[in-house]
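Engineer: Provided below for reference: sequence and predicted model.
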Amino acid sequence: MNTITLESQVLDLVAATANLDRTLLAPELTVEELGMDSLDVLRLTYAIEKHFRISLSAYSHTDVTSLARLVEILRHETAPRAAAQP
């Protein structure tokens, strides 16, 4: 999956899940800078699992420290699926 597309999808999901203005989101923002608590991060990971049809159970909410880290995790988790596609 294209990193730009993945990043854009993550930012869209963050905006929708956390009721944030999409135009103000950038990958380098931390969850603290976004005003997200652990419950917000759990809601976000659930939305991402549903959207991408993956499981993030191997990761704790503390693993998601920034939007860039979330994109990195997703890139790692979606890579096997992308490699399997013809």
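Structural biologist: Received, thanks.

Engineer: now do the strand or helix carrying residue 46: which elements does it pack against?
Structural biologist: Using DSSP states H and E, residue 46 sits in helix 38-52. Applying 3 or more CB pairs under 8 Å, 6 or more residues apart in numbering; DSSP states H and E, we find helix 38-52 packed against helix 3-18, helix 67-84. C-beta: built from backbone N, CA, C; applies to glycine.

Engineer: how about that helix: buried residues?
Structural biologist: For helix 38-52, burial by neighbour count (16 or more other CB atoms under 10 Å) applies to 40, 41, 44, 45, 48, 52.

Engineer: now for the closest residue to the second one other than its chain neighbours: which residues touch it?
Structural biologist: So that's residue 41. Residue nearest to residue 41 in three dimensions, not counting chain neighbours: residue 61, with 4.3 Å by CB to CB, 6 or more residues apart in numbering. If a contact means CB atoms under 8 Å, 6 or more residues apart in numbering, then residue 61 has 38, 41, 42, 45 as its contacts.

Engineer: so which of these comes closest to residue 6?
Structural biologist: residue 45 (15.1 Å; CB to CB).

Engineer: so what's that closest one up against?
Structural biologist: 56, 59, 61, 64.

Engineer: state the distance from residue 16 to residue 47.
Structural biologist: Distance, residue 16 to residue 47, by CB to CB, to the nearest Å: 7 Å.

Engineer: where does pLDDT dip in the chain?
Structural biologist: 1-4, 80-86 (pLDDT under 70).

Engineer: hang on, the earlier thing: starting at the chain centroid, how far to the helix holding residue 46?
Structural biologist: Put simply, helix 38-52 sits 8 Å off its chain's centre (CA atoms, centre = their mean, to the nearest Å).

Engineer: burial measure for the nearest residue to residue 36 once chain neighbours are set aside, as a count.
Structural biologist: Excluding the flanking residues, the one nearest residue 36 by CB to CB, 6+ apart is residue 18, at 6.0 Å. Residue 18 has 17 neighbours, counted by other CB atoms under 10 Å.

Engineer: is it true that residue 36 touches residue 17?
Structural biologist: No: contact criterion CB atoms under 8 Å: residue 36 and residue 17 do not qualify, at 9.2 Å.
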